[in-house]
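Q: curious how this folds, go ahead:
(one chain, ligands or ions: 1)
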Amino acid sequence: MMKDQIEQIRLAAVDALKNATNLSDLENIRVSFLGKKGQLTSLLKQMGSLSADLRPAMGQLANDVRAYLEGEISKAATALQSAELNHRLSRETIDVTMPGEDVCIGHKHPMSIVLDETKQIFLGMGFSVADGPEVEYDYYNFEALNIPKDHPARDTQDTFYISENVLLRTQTSSCQIRYMENHKPPIRIIAPGRVYRSDALDATHSPMFHQIEGLVVDEGISMADLKGTLEVFAKRLYGEDVVCRFRPHHFPFTEPSAEMDIQCFNCHGKGCRLCKNEGWIELLGAGMVHPRVLETCNIDPNKYSGYAFGIGLERITMRRYQIGDLRMFFENDTRFLGQF
Ligand code: 2NM
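A: Residues are numbered from 1 along each chain as shown. Take a look at the predicted model:
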């Protein structure tokens, strides 16, 4: 009987729905029972063979079953979707009570700390920062700085030559020559950077080290400006109670020239191991820019004067943190770097 067949189809569909585990199972069930070629649809096509008085009741029954199955499929779909969502939510749960992972943050290199501080000190006094190439022409490194051909600084023992006219710069003064070529006074710059000299590595020497050179050119600049500026620098870097002195010296590119010392902060001038019994510690070299250097850069030495200075970054950092061996800076041992 058709009525029994319809009921069998309904039961088979309900059974299939129980076993469905995902949405595509549901779609297969819908097609196989309710689709155009599905079981219920095929059965309805046989209605023609029924007697006319049975047809309306069977048609009604088939439609009721269709509506019932559509309802069941959509209920199953909703249940599957929410199960899937719950599964995903439980998988993606974050346990906010878990202890955080220790992130190992780096440390600033002591030379970077002192370089940044030095830049800030000079920027605060109106200087700006200039730079230039580390591979430099002989002209900018020596010739323009009034270093004659027979000067010992030109000896190949000190300088890394790349060709007859090209070398690794031995000082950052080359940046200042380049700057003077392109800028009119007033000039107030510092030039920090790597420099190279053919030295063997030991506690106080390295074939590569860092310099900060300064240059001020304007009308009426005197040795008093040089002394005032460099004393302020020493006080800002080492503390207000630091004591400075200037000693006569010689550089080919400055006249007069001087070196600045600070009184030993360990023995206050009495002499100790730290200052090798001198009482004083050499900090930097400086002087009034030689008129010939200004002239070479097309700056009229009758109208303008200037002072310049050169600071070894390794040296001032060693003083600052009482580091006894230059090699510490280049080894990058984290037990050393982690202390800053
Ligand atoms: C020093 C000491 C004294 C210096 C001179 C110049 C320039 F370019 F103006 F001539 N720049 N830096 C200078 C002067 C450097 O280093 C110990």
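Q: which residues in the stretch 151-300 of the chain form strands?
A: Using DSSP state E, counting those that start in this stretch, the strands of the stretch 151-300 of the chain run over 166-168, 187-196, 208-218, 244-251, 254-263, 280-289.
Q: buried residues, the fourth one. List them.
A: Meaning strand 244-251. For strand 244-251, the neighbour count (16 or more other CB atoms under 10 Å) marks C244, F246, F251 as buried. (C-beta placed from N, C-alpha, C; glycine too.)
Q: P186: which of the residues you listed is nearest?
A: Using CB to CB, F251 comes nearest to P186 of those, at 22.8 Å.
Q: for N22, see how far away the nearest residue to that closest one once chain neighbours are set aside is.
A: When the adjacent residues along the chain are set aside, F251 lies closest to S257, with 4.4 Å between them (CB to CB, 6 or more residues apart in numbering). For S257, the distance to N22 (CB to CB, to the nearest Å) stands at 87 Å.
Q: looking at these two, which one has more neighbours?
A: Between S257 and N22, counted using other CB atoms under 10 Å, the more crowded position is S257 (18 against 12).
Q: dump the residue contacts of the more buried one.
A: In this structure, S257 makes contact with P248, H249, H250, F251, G285, A286, G287, M288, judged by CB atoms under 8 Å, 6 or more residues apart in numbering.
Q: please repeat the previous calculation with a cut-off of 7 Å.
A: Going by CB atoms under 7 Å, 6 or more residues apart in numbering, S257 touches H249, H250, F251, G287.
Q: T159 contacts L167, doesn't it?
A: Yes: here T159 lies in contact with L167, judged by CB atoms under 7 Å, at a distance of 5.4 Å.
Q: about what we covered before: now distance to the ligand too, for the contacts of S257, in a markdown table please.
A: Output for those, formatted as a markdown table (distance: CB to the nearest ligand atom, whole Å):
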| residue | distance to the ligand |
| --- | --- |
| H249 | 8 |
| H250 | 10 |
| F251 | 5 |
| G287 | 5 |
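Q: hmm, back to that, and the strands of the stretch 151-300 of the chain: which comes nearest K3?
A: K3 sits nearest to strand 187-196 of all the strands of the stretch 151-300 of the chain, at 97.8 Å, using CB to CB.
Q: compute the inter-axis angle for the closest one and strand 208-218.
A: For strand 187-196 against strand 208-218, the angle between stretch directions is 160 degrees (axes from the mean of the first three to the mean of the last three CA atoms, to 10 degrees).
Q: just the buried positions in strand 187-196, please.
A: By 16+ other CB under 10 Å, the buried positions in strand 187-196 come out as I187, R188, I189, I190, A191, P192, G193, V195, Y196.
Q: name the helices or strands packed onto it?
A: When contacts are defined as 3 or more CB pairs under 7 Å, 6 or more residues apart in numbering; DSSP states H and E, strand 187-196 packs onto helix 110-124, strand 128-129, helix 173-182, strand 208-218.
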